[in-house]
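J.: Got a predicted structure plus its sequence, pasted below:
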Amino acid sequence: TITVANPSGADKGTDNMVVEVKWAYLQVKDILIPNLTATMGLNAYYFPMVVDNDFAMTQLAYDFGMGKAIFTYIKIDELDKEETTATGDTKRDDAQAYAVDLPIKAGSINIRPGFIYITSGQAATTNDGLETLTKAKLYIAALNVNGDFGMVGLDLTGAYLWGNVTETTGGKVDVAAYAFDALLTIKPAKVISLGLFATYPSGQDN
């Protein structure tokens, strides 16, 4: 998918940064073994309430019939072109995530547990020297359950976040938070759908 960000400012050359690539990926099915699919490139990653964004990512998905086992490596940000400078300084301040989720279908109910590990490298400054980054190790465990029971539909999600980040002063801050989301849908007639939803985020515990 290609979006023209500013068509009025483009010239006939190829050196203007006016085209934004949303999705561009290669997907190979039955790679190495049957039912194993590999996806590489720019693609969307979605887990209810937890994440919904486009990333540079690599994904392996194995279909075992009643569900899938999915492993995803996500590059969130790559701030420096080199990890070691000419003077020998190390700048490993990239941010990435490793996600595992297991969507399973049991009759009219879909169950999807998931786990995400997010890490960013040692504290450093960006190239413009204006913003100080922090080292982070964060973990998210989540569970989504949804089902369609004819007139009634139900979608429930719960997630718990924990880990730590390093402040610019060098001190570590422990992180802990949780959130719940619920959606109840009622269809009294074919052309009518009524929904009731509730969301509760705890924020940082302390």
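T.: Perfect, I can see it now.
J.: Run through this structure and note the low-pLDDT ranges.
T.: By pLDDT under 70, the low-scoring segments of the chain are 1-19, 79-93, 122-134, 168-170, 205-206.
J.: Regarding it, what is its longest strand?
T.: Under DSSP state E, the strand in the chain containing the largest number of residues is strand 172-189.
J.: Please name the strands paired to it in the sheet, noting orientation.
T.: Strand 172-189 sits in its sheet next to strand 152-166 (antiparallel), strand 192-201 (antiparallel), going by DSSP bridges.
J.: Tell me the buried residues in the last one?
T.: Residues of strand 192-201 classed as buried under the neighbour-count rule (16 or more other CB atoms under 10 Å) do not occur. For glycine as for every other residue, the C-beta is placed from the backbone atoms N, C-alpha and C.
J.: Just the residues contacting it, thanks.
T.: Strand 192-201 is contacted from outside by 49, 177-188, using CB atoms under 8 Å, 6 or more residues apart in numbering.
J.: Swap in 7 Å and give it another go.
T.: A179, F180, D181, A182, L183, L184, T185, I186, K187 (CB atoms under 7 Å, 6 or more residues apart in numbering).
J.: what's the answer for the longest one, then?
T.: With contacts defined as CB under 7 Å, 6+ apart, strand 152-166 is touched by 48-50, 123, 134-147, 172-186.
J.: Also stretch 136-149?
T.: 47-48, 50, 108-120, 154-165, 175.
J.: try stretch 32-47
T.: Contacts to stretch 32-47, defined as CB under 7 Å, 6+ apart, come from residues 21, 23-31, 51-63, 72, 74, 99, 101, 114, 142.
J.: So for that stretch, what gets flagged as buried?
T.: T37, T39, N43, Y45, F47.
J.: Over to stretch 53-66?
T.: Buried residues in stretch 53-66 (16+ other CB under 10 Å): F55, A56, M57, T58, Q59, L60, A61.
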